[in-house]
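S.K.: Task: produce atomic coordinates for the following.
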Amino acid sequence: MLVGETPGDQEDLAGKPFVGPAGRLLDQALAAARIDRSSAYVTNVVKHFKWEPRGKRRLHRRPDVAEVNACMPWLEREIEIVQPRVVVCLGATAGRALLGRDFLVTRDRGRIVPSPFAPRVLATIHPSALLRLPDSLERTAGMEAFIEDLRIAGRALASAETARTQ
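M.R.: Just a heads-up that it's a prediction; the model follows:
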C-alpha cells in the first residue's frame, strides 16, 4: 500500500491518486525498484484537493492537522479492508499520520518500523519533492535514494510473503 499526502490538481480532475507528474515519477521509481504498481493499492491520507488559485492554475496547499484527522477514519478503513503487509508513506504528512507527530522524513526515511496500522511501515519522500529540486545532480541523487527506499519496501514485502506461505 502506498499512501501519499493529498490529491493534486490532475488527481482531483481524474479522480485517481498519483496520475500527475509526481505519479509518473512514482511509476518510474517503482519500475526501477521492481515493484508492480498494479499490485499496490495507492491512496492519500487526505481525500480532498486543497489548493489556492495562481492565475489559471490551482496550486496544491499542504493539509493541516484538522484535515488529516478528519480524513483518518477513511484511511483506517482502507487499511482495514486492504490489509497490506507493507505500507509506504510518501512524504511527511503520510508519515506523521501513520507513524506519529514526531516523525521526520529526513531522519526516519528508509527504515521498516512497526505501526498499529500495518506490520511493516516504511516512510520516504513524496515524489513531488524530487520535482522541486532545482539541480539535476540533486534530482538524480534524490531519485536514487527514493528508489532504494522502495527496494527496501519490496524486500520487506517479499519476506512477508515468504513468511505467510511457510
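S.K.: State the number of residues packed around Q10.
M.R.: Neighbours of Q10 under the rule other CB atoms under 10 Å: 17. Using the backbone N, CA and C atoms, a C-beta is placed for each residue, glycine as well.
S.K.: wait, I meant R54
M.R.: R54: 8 neighbours (other CB under 10 Å).
S.K.: Which pLDDT value does the model give the nearest residue to R57 once chain neighbours are set aside?
M.R.: With sequence-adjacent residues excluded and distances taken as CB to CB, 6 or more residues apart in numbering, R57 is closest to D9, at 7.4 Å. For D9, the pLDDT comes out at 84.
S.K.: Looks like D9 contacts G20 (just checking).
M.R.: Yes - between D9 and G20 a contact is recorded at 6.8 Å, counting by CB atoms under 8 Å.
S.K.: Neighbour count: those two, which is higher?
M.R.: Relative neighbour count places G20 above the other of D9 and G20, with 22 against 15, counting by other CB under 10 Å.
S.K.: Please report how far that one lies from L131.
M.R.: Remark: distance between G20 and L131 (CB to CB, to the nearest Å) = 10 Å.
S.K.: likewise A32?
M.R.: Remark: distance between A32 and L131 (CB to CB) = 16 Å.
S.K.: List the buried residues for the longest helix seen in the chain?
M.R.: Ranked by residue count and defined by DSSP state H, the top helix of the chain is helix 136-165. Within helix 136-165, the residues scored as buried using 16 or more other CB atoms under 10 Å are 142-143, 146-154, 156-157, 160.
S.K.: Just the mean pLDDT for it, thanks.
M.R.: Rounded mean pLDDT across helix 136-165 is 92.
S.K.: mind listing the helices for this protein?
M.R.: Under DSSP H, the chain gives helices at 9-14, 21-32, 65-82, 92-99, 105-108, 127-131, 136-165.
S.K.: Out of those, flag the one nearest P53.
M.R.: helix 9-14 (11.1 Å; CB to CB).
S.K.: From the contact counts, what lies against the closest one?
M.R.: helix 21-32, strand 57-60 (3 or more CB pairs under 8 Å, 6 or more residues apart in numbering; DSSP states H and E).
S.K.: Report the inter-axis angle for the longest one versus helix 136-165.
M.R.: For helix 21-32 and helix 136-165, the angle between their directions (axes from the mean of the first three to the mean of the last three CA atoms, to 10 degrees) works out to 60 degrees.
S.K.: where does helix 21-32 sit relative to the chain's centre, distance-wise?
M.R.: Centroid separation for helix 21-32 versus its chain: 11 Å, with CA atoms, centre = their mean, to the nearest Å.
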